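Trainee: Have a look; sequence and predicted model below, questions after that.
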Amino acid sequence: MIRKVLSCLLPAVAVVAMCTSTWAKDCGACSNGCEGGCEGAVVSGGACGGCGDAGAACGGTKTVYQRQYVTEMKTVTSTEYTTETRERTYTVNKRVPRTEERTRTVTVQVPETRTKTVNYTVNKNVTETKTAEYTVQVPYTESVEQTYTVMVPVSEEKTSTYTVMVPKQEEKTSTYTVQVPYTESVEQTYTVMTSVPEEKTSTYTVQVPYTESVEQTYTVMVPVQEEKTATYTVMVPVKEEKTATYTVQVPYTEQVEQTYTVNVPYTEEMTGSRTVQKRVPVTSMKSVQVRGGHWATQQVEMPSSGTDACGCPCPPKVCCKRVWVPTCETKEVPCTTYQCVSEEVPYSYTVTKCRQEQRSRMVSVQKCRTEERTRTYTVTKCVPEERTRTYTVTKMVPEQKTRTVNVTKYKSEERTRTYTVTKCVPETKTRTVNVTKYRPEERTRTYTVTTCVPEERTRSYTVTKMVPEQKTRTVNVTKYKSETKTREYTVTKCVPETMTKEVSYTVMVPQQKEEKYSVTVYDCVPETKTESYSVRVPHTVTKEVPVQKCVTVAVEVPVEGACGGAAGDAGACGDAGACGSAGACGDAGAAACGDCGSSKKGCRRKGCRRCGC
């Protein structure tokens, strides 16, 4: 609502602004005699004849027509919907349970005890004593003379010559160049940007609004009710008797001959060999490393951390140091070790083995035979049934209507403005600058250099060598000799023996009997139910709605300013001036309005209506 009021008020404000400025300009342009002296004066008489009486027009009031929005009550017809509650009846099929007593034949397995004679085999243990010979390794000790090598240390004096680097200092002089700074004044040219203001004129276009009435067509959706018929399907339950064939497994007993395997034990003499370990001495050569070495002199350069008198870093120093250089010699030395030697020794032993024998026996096996039987059962099926119902459908039908709408349009108007532009102009200036420069200067410095001079020296040292020496010792060695012995052992044999016994076994004998059982059957019972549903019912309502209307209102406005020096002079405009008499405007107002013409439509377009044409 606020948006609608604002959209209507904005064109009205623009029209008022245009009326106060443009209409007065049109009035001044209507007559050639006034020449704008009565600027903006549209009096209640409605003509430019006011120019004849300058005292009344230039010092009083003028009538200005303004557009204002007035709220009026308008009667509008609209369609509203009311919710109504209605009732409808529908049928529901309800399943009601019912218990029935029925009879059926059942096969029952009845256990029956029977007796039979069974032959079975029993293995009896028979003990037998046997004698066997076996070999035993008997240990004995034997003294053996053994030769072994011992490394005996022998010292020996030796003399060696070595070189030593003796440091020697020497003074030296060197020349170096230094850059000495000095200041010099130099004239320098630079450019400065100076701002200069400049006036410019530009033309721009303004969009001036004006209002125009336009006829507009719009569409309204009108509700229309229509009766329709629909067909729907209902599933009706139907009972049907059916017969089915089913299969039953009837058990019976059958005697079957069964073959089984028995393991019969027997004894067998076997010969084997065992491994005996012996220790055998083995002499081999072994490599031994003898460590030695000598002293050597090395030169090492040491960095200097100090500075000389001129502030320059001192050169590095060379120092001599003694370093031990190790040597390694490899020698072959005899070594005696003992190795284990394997030897195969034969022996006899007894093994009990089993041989397999096939035997047979009669076994009762339970089997089942297949029998077909018949039974009757009831099946409930649902059969589709078509039914018809009537319902109301509300459709929205479009309807064309016409209304008059005020449209705001714009016309272009050119205007001129003056603005100042600032430009930057380059300007060259001069300044004096101090510049730092450098000139080379040669200087001399003295420094000490340490040099290492080689010097030969002699020294004596003792070398210890390991000399092999053969020695003899007596060692006890354990040896083995074979000895045959006899032993007695007991062997148990299994002798099979057949025996008989009475065995009781149970057989399942099938018997048929009648039994009663309960079955729950469901009957479909139709039941009528009522339900409430809501319907939206349309009805036409007439009500008053506030409407914004644009009305032209006459307003008295005081005239500011004067008609100029010729306001009171009748000769400036004349009593019967160009606008003041009927002869000036003519019968149809064509002469007074200039180019408006005699057509009423042409006067409206160019604003002559406001001048009284």
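Mentor: Structure received.
Trainee: Show me the chain divided up by domain.
Mentor: Domains of the chain are assigned by automatic domain parsing as 1-60+559-613, 163-207+229-393+420-456.
Trainee: Lowest average confidence across those domains, which one?
Mentor: Ranked by mean pLDDT, the domains of the chain bottom out at domain 1-60+559-613, with a mean of 41.
Trainee: Just the helices from the stretch 451-600 of the chain, written as ranges.
Mentor: Ranges of helices in the stretch 451-600 of the chain, per DSSP state H, counting those that start in this stretch, are 570-573, 582-585, 600-606.
Trainee: I meant the stretch 1-150 of the chain, not that one.
Mentor: Remark: helices assigned in the stretch 1-150 of the chain by DSSP H, counting those that start in this stretch are 2-18, 24-30, 54-59.
Trainee: isn't residue 240 right up against residue 382?
Mentor: No - counting by Cβ atoms under 8 Å, residue 382 is not a contact partner of residue 240; they are 11.4 Å apart. Quick note: C-beta positions are derived from backbone N, CA and C, even for glycine.
Trainee: the more surrounded of those two?
Mentor: Comparing residue 240 with residue 382 by neighbour count (other Cβ atoms under 10 Å), the higher total belongs to residue 382, at 12 against 9.
Trainee: who's in contact with that one?
Mentor: By Cβ atoms under 8 Å, 6 or more residues apart in numbering, the contact set of residue 382 is 235-238.
Trainee: again, only this time at 6 Å
Mentor: By Cβ atoms under 6 Å, 6 or more residues apart in numbering, residue 382 lies in contact with 235, 237.
Trainee: Okay, now the sheet partners of the helix or strand containing it, with direction.
Mentor: Using DSSP states H and E, the element containing residue 382 is strand 317-558. The pairing partners recorded for strand 317-558 under DSSP bridges are strand 61-302 (antiparallel).
Trainee: From the chain's centre, how far out is the strand it pairs with? Work that out for me.
Mentor: In terms of Cα atoms, centre = their mean, to the nearest Å, the centre of strand 61-302 is set 18 Å apart from its chain centre.
Trainee: again, but for stretch 474-485
Mentor: Worked out by Cα atoms, centre = their mean, stretch 474-485 lies 86 Å from the chain centre.
Trainee: same check, this time on stretch 319-328
Mentor: Using Cα atoms, centre = their mean, the offset of stretch 319-328 from its chain centre is 69 Å.
Trainee: got the CA coordinates for it in PDB?
Mentor: Extracted C-alpha coordinates of stretch 319-328, given in PDB (Å, rounded to 0.1, in the frame of the first residue of the first chain):
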ATOM      1  CA  CYS A 319     103.000 -25.600  12.800                       C
ATOM      2  CA  CYS A 320     104.800 -29.000  12.900                       C
ATOM      3  CA  LYS A 321     103.500 -32.000  14.900                       C
ATOM      4  CA  ARG A 322     104.600 -35.600  15.400                       C
ATOM      5  CA  VAL A 323     102.200 -38.300  14.400                       C
ATOM      6  CA  TRP A 324     102.400 -42.100  15.100                       C
ATOM      7  CA  VAL A 325     102.000 -44.100  11.800                       C
ATOM      8  CA  PRO A 326     100.800 -47.700  12.700                       C
ATOM      9  CA  THR A 327     101.900 -50.800  10.600                       C
ATOM     10  CA  CYS A 328     100.500 -54.300  10.500                       C
END
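Trainee: Distance-wise, check the spatially closest residue to residue 89 that is not a sequence neighbour relative to residue 392.
Mentor: Once flanking residues are discounted, residue 89 sits nearest to residue 530: 5.3 Å by Cβ to Cβ, 6 or more residues apart in numbering. Residue 530 sits 19 Å away from residue 392, going by Cβ to Cβ, to the nearest Å.
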